[in-house]
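Asker: sequence and computational prediction follow.
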Amino acid sequence: MSARIPGFSRVLRTGAIMVALVAMSSCDLAQLPAPTAPPPRPSAPTDTGVARGPSDESLALTRYYARVQNDMLVRGLLRQDGGGPDTPFSADDLARNFERIAFYDEYVRGAGLSRGGGAQSALRRWGGPVLMQAVFGKSVSKDRQDRDVAEVQNYAARLARITGHPIFYSSNNANFFVFFLNEDDRPDALDQIRDIVPGISEESVDIFRDIPRSIHCLVAAFSESGNDQNYTTAIALVRDEHPDLLRRSCIHEELAQGLGLANDSPQARPSIFNDDDEFALLTSQDELLLKMLYDPRLSQGMSAKEAAPVVRVIAGELLGDN
């Protein structure tokens, strides 16, 4: 069920790029340089070819990530329960965490992966429908592809229910691409990434080309020209070398992060928007953060100060704490 990149009906000229990097103990975002003027879009997608076996480097990463997952589980991390009696949070906690996660950047806008020191930003989210599609490298097995497609389909439906925003899995005209690639597949995927975002800078492409093993997965969200706060395209990358739980964790965090929750916070608990890796999957608080992000009382471009009174009201309503 390997996916190809469909042609777009319009050319996207990117005003900003957000990248979420998930490492063993971090979830960071960066604003990358905007692309230059786009070249003509090819009329046909790149053929992914036939399957091939993994290289020694890829096999070594597979063993490494298996050890990483096992070590986290032994330490009580990667919880899948969504939070419980040991992780209470109040409306004030929810409002504070939303402000920190939705209105701040971990990295300097337009400066690659230079840390931003907590620079404040405006509210960013998708204005139109989000159409997700899984894209696979040559090395991903058919059985693995089927399971990944089902995971993305189910999660897209869950995100739609939470946010009330139109989010679907689509095999055609997608605008949120979830790449499943091993170490050998990434070079072949770079041209596909260039096709998705015509005119993307090579500095931005390099984010996908050279990924240290400490970074498990990433997402880049692209905004339209002239409106940095309106996301119109996103590309997530999940390593095929991951064992099942790390793989699901990447899907949960990157697809949610790509909707507009651009930062993390050490105070957010229970949450996947926290660099402590305590939770592997979307939590009860994360669902509320996403619901808040797409509440119609908030709008793209709002500052944290402008949104604060509304955020407090919404948080109180969600937790029955008015």
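Answerer: Nice, thanks for sending it over.
Asker: can you pull the contacts of N182?
Answerer: N182 is in contact with P54, S58, L61, G137, S139, V140, R239, D240, E241, counting by CB atoms under 8 Å, 6 or more residues apart in numbering. Where C-beta positions appear, they are placed from N, C-alpha and C, glycine not excepted.
Asker: quick one, phi psi at T163?
Answerer: Main-chain torsions, T163, degrees, to the nearest 10: phi -90, psi -20.
Asker: for it, give me its contacts.
Answerer: For T163, the contact set (CB under 8 Å, 6+ apart) comprises L259, L290, K291, L293, Y294.
Asker: now G53
Answerer: Counted by CB under 8 Å, 6+ apart, G53 has contacts S139.
Asker: any idea how far it is from V140?
Answerer: 12 Å (CB to CB, to the nearest Å).
Asker: same check, this time on M72
Answerer: According to CB to CB, M72 stands 23 Å off from V140.
Asker: one more: H165?
Answerer: Distance of H165 to V140, computed by CB to CB: 29 Å.
Asker: out of those two, which sits in the more crowded spot?
Answerer: In this view H165 and V140 are compared by other CB atoms under 10 Å, and V140 has more residues nearby, 23 against 20.
Asker: quick check, pLDDT for the more buried one.
Answerer: For V140, the model assigns a pLDDT of 95.
Asker: need the longest strand for this protein.
Answerer: If you go by DSSP state E, the chain has its longest strand at strand 227-239.
Asker: which strand or helix spans the residue sitting nearest the centre point of the chain?
Answerer: When the chain is reduced to its mean C-alpha position, the nearest residue by CA atoms, centre = their mean turns out to be E254, at 2.5 Å. Taking DSSP states H and E as the definition, one finds E254 inside helix 244-257.
Asker: can I get that helix as PDB, trimmed to CA atoms?
Answerer: Extracted in PDB, the C-alpha atoms of helix 244-257 (Å, rounded to 0.1, in the frame of the first residue of the first chain):
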ATOM      1  CA  ASP A 244       6.300  -0.500  17.600                       C
ATOM      2  CA  LEU A 245       5.800   1.800  20.600                       C
ATOM      3  CA  LEU A 246       8.400   4.400  19.600                       C
ATOM      4  CA  ARG A 247       6.800   4.300  16.200                       C
ATOM      5  CA  ARG A 248       3.300   5.000  17.600                       C
ATOM      6  CA  SER A 249       4.800   7.700  19.800                       C
ATOM      7  CA  CYS A 250       6.200   9.500  16.900                       C
ATOM      8  CA  ILE A 251       3.000   9.300  15.000                       C
ATOM      9  CA  HIS A 252       1.000  10.700  17.900                       C
ATOM     10  CA  GLU A 253       3.400  13.500  18.700                       C
ATOM     11  CA  GLU A 254       4.300  14.600  15.200                       C
ATOM     12  CA  LEU A 255       0.800  14.600  13.700                       C
ATOM     13  CA  ALA A 256      -0.500  16.500  16.700                       C
ATOM     14  CA  GLN A 257       2.400  18.900  16.800                       C
END
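Asker: could you list the buried residues of it?
Answerer: Using 16 or more other CB atoms under 10 Å as the test for burial, helix 244-257 gives 245-257.
Asker: now the helices for the protein?
Answerer: 56-74, 91-102, 142-163, 186-196, 202-209, 244-257, 284-293, 304-318 (DSSP state H).
Asker: go through these and find the least confident stretch.
Answerer: With a mean of 90, helix 202-209 has the lowest mean pLDDT of those.
Asker: give the buried residues for that helix.
Answerer: By 16+ other CB under 10 Å, the buried positions in helix 202-209 come out as S204, V205, I207, F208.
Asker: quick check: the third one touching V219?
Answerer: It refers to I207. No: applying CB atoms under 8 Å, one finds I207 not in contact with V219, separated by 10.5 Å.
Asker: I figured M72 was touching F279, is that so?
Answerer: No: using CB under 8 Å as the test, M72 is too far from F279 to be in contact (11.0 Å).
Asker: take the contacts of T163 and write them to a markdown table, including neighbour count and distance to D184.
Answerer: As requested, the contacts of T163 are exported to a markdown table (neighbours: other CB atoms under 10 Å; distance: CB to CB, whole Å):
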| residue | neighbour count | distance to D184 |
| --- | --- | --- |
| L259 | 24 | 30 |
| L290 | 24 | 34 |
| K291 | 17 | 39 |
| L293 | 22 | 36 |
| Y294 | 17 | 38 |
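Asker: adding distance to D105, write those out as TSV.
Answerer: Below are the contacts of T163 laid out as TSV (distance: CB to CB, whole Å):
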residue	distance to D105
L259	16
L290	19
K291	22
L293	16
Y294	20
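Asker: how far away is A102 from S141?
Answerer: Applying CB to CB, the value for A102 to S141 is 37 Å.
Asker: so the two - more neighbours on which side?
Answerer: Here A102 and S141 are set side by side on neighbour count (other CB under 10 Å), and the busier one is A102, at 26 against 11.
Asker: now do the contacts for the more buried one.
Answerer: By CB under 8 Å, 6+ apart, A102 lies in contact with L123, R124, G260, L261, A262, N263, L289, M292, L293.
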